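Asker: Build me a model from this:
(one chain, ligands or ions: 1)
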Amino acid sequence: MNYRHTYHAGNIGDVLKHIVLIALIQSLKRKETPFCYLETHAGIGSYDLLADTTQKSREFENGIQKIFNTEHSPDLIQDYITCVKSLNQANTLRYYPGSPYFVKQLLRSEDRMILSELHPEDFQTLKKFFIREKQIAVHHQDGYQSLKAYLPPKERRGLVLIDPAYEKPNELMQLPKLLAEALKRWETGIFALWYPIKTQEQLKPFYCELTEYIHRPFLRVELCVHSDEIALELNGCGMIIMNPPWQLDEKLEEILPFLWNMLNINKQGYNKITSLNSNSEAV
Ligand code: SAM
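Answerer: Reported below is the predicted structural model:
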């Protein structure tokens, strides 16, 4: 396991993922009944942007740093910035929250969070980070196994975030089948999957497998800040959201063009939301 999220903390991938995550948790909170949040690849909970590792890549400069001090933005983006600010002092960006931190900020006393992290050191860091939190369980476990171990949760409502490191060859192509199996265990759960985008062309087989295996409605939300013509390490990123909550698409349609305007490099890339189901064309 070579992947360390500290190199990527606060990049555009994190920005899109964490904004969508907040929108999803806000939707779950529209009902009073408790929910369960499961995260398969949880990371360490918070990242010091001054750490040597983070400073080496400085990916946050093209992500959170570009919007941290924005004052006039849609509510959802303001909620996201407020959450990042809660980890920092005096409007100075030093720490960037991991996904479990964003969720923790929004959790009510009766809601539950289950986290899996496989890297031994990152697991210890995450466990310490939430040591006093009774409603949060942190497991040193393979995230894909946790889908089998904890679904469906007793609350019967909630969200699963799948945010892999994509270290294994072809890991992305295994996910449609894996998601279909998880949906069999919990048909009504909301599942959100993050994926990197190099080019649309490279993703076509993934889209095809999704429409073949998934027989529930889902959204594809994508934000790219570089041209699709050059396959960089990360031209942008996307999220697949299965069983999307009511009006989530409208909420995201409001913020995506705003985000693209703030984050694009030389007006390259695109932002797009597509609603799909098993009868849709894949691409
Ligand atoms: N979700 C986190 C966030 O947004 O703050 C970032 C997670 S990072 C993209 C992926 C994490 O998965 C890394 O911390 C890595 O150590 C961990 N990891 C890699 N393979 C794993 C596996 N099979 N099961 C669980 N965690 C794994």
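
Asker: any idea which helix or strand carries residue 115?
Answerer: Assigned by DSSP states H and E, residue 115 belongs to strand 112-116.

Asker: elements contacting the helix or strand following that strand?
Answerer: Beyond strand 112-116 on the C-terminal side, the first helix or strand identified by DSSP H and E is helix 120-129. In this structure, helix 120-129 makes packing contacts with helix 99-106, strand 136-139, judged by 3 or more Cβ pairs under 8 Å, 6 or more residues apart in numbering; DSSP states H and E. Using the backbone N, CA and C atoms, a C-beta is placed for each residue, glycine as well.

Asker: among the ones you listed, which is nearest residue 276?
Answerer: helix 99-106 (23.9 Å; Cβ to Cβ).

Asker: So what angle separates the directions of that closest one and strand 112-116?
Answerer: 170 degrees (axes from the mean of the first three to the mean of the last three Cα atoms, to 10 degrees).

Asker: still on that earlier bit, ok, and what's touching the strand holding residue 115?
Answerer: 34-42, 100, 103-104, 107, 126, 130, 133, 135-143, 145-146, 150, 153, 155 (Cβ atoms under 8 Å, 6 or more residues apart in numbering).

Asker: Apply 7 Å and report the result again.
Answerer: With Cβ atoms under 7 Å, 6 or more residues apart in numbering as the test, strand 112-116 has contacts from 36-40, 42, 100, 103-104, 107, 126, 135-139, 141, 143, 146, 150, 155.

Asker: Residue 147 contacts residue 40, doesn't it?
Answerer: Yes: counting by Cβ atoms under 7 Å, residue 40 is a contact partner of residue 147 at 6.5 Å.

Asker: Of the two, give the one with the bigger neighbour count.
Answerer: Taking neighbours as other Cβ atoms under 10 Å, residue 147 and residue 40 compare with residue 40 leading, 25 against 21.

Asker: sorry, back to before: just say which of the helices and strands packed on helix 120-129 is most tucked in.
Answerer: Sort the helices and strands packed on helix 120-129 by mean neighbour count, taking mean count of other Cβ atoms under 10 Å, and helix 99-106 sits at the top with a mean of 22.

Asker: Around the ligand, pick out the residues from the stretch 151-283 of the chain.
Answerer: 163, 165 (Cβ under 6 Å from any ligand atom).

Asker: ok so, going back, would you mind checking the average pLDDT for the strand holding residue 115?
Answerer: Averaging pLDDT along strand 112-116 yields 98.

Asker: Check stretch 33-51 too.
Answerer: Mean predicted lDDT for stretch 33-51 stands at 98.

Asker: Report the separation between the two terminal residues of it.
Answerer: End-to-end distance of stretch 33-51 (Cα to Cα, to the nearest Å): 40 Å.

Asker: So which bits of it are buried?
Answerer: 34-47, 49 (16 or more other Cβ atoms under 10 Å).

Asker: Is it positioned near the ligand?
Answerer: Yes: residues of stretch 33-51 contacting the ligand under Cβ under 6 Å from any ligand atom: 40-43.

Asker: ok, of those residues, which one's closest to residue 10?
Answerer: So of the residues of stretch 33-51 next to the ligand, ranked by how close each gets to residue 10 (Cβ to Cβ), first place is residue 43, at 12.1 Å.

Asker: Surely the closest one touches residue 123?
Answerer: No: in this structure residue 43 lies outside contact range of residue 123 using Cβ under 7 Å: 10.0 Å.

Asker: Name the residues contacting each of these two.
Answerer: By Cβ under 7 Å, 6+ apart, residue 43 and residue 123 have these common neighbours: residue 117.

Asker: what about residue 252, how many neighbours?
Answerer: Per other Cβ under 10 Å, the neighbour tally for residue 252 reads 23.

Asker: which ones are touching it?
Answerer: Residue 252 makes contact with 20, 23, 221, 273 under the criterion Cβ under 7 Å, 6+ apart.

Asker: ok, so what distance separates the residue located most distally from the centre of the chain from residue 69?
Answerer: In the chain, counting by Cα atoms, centre = their mean, residue 90 sits farthest out from the average C-alpha position, at 26.7 Å. Applying Cβ to Cβ, to the nearest Å, the value for residue 90 to residue 69 is 12 Å.

Asker: Over to residue 56?
Answerer: In this view, residue 56 and residue 69 are 24 Å apart by Cβ to Cβ.

Asker: circling back to that earlier point, can you pull the pLDDT of the residue farthest from the centre of the chain?
Answerer: Predicted confidence (pLDDT) for residue 90: 80.

Asker: ditto for the one 10 residues further on
Answerer: Here the pLDDT value assigned to residue 100 is 98.
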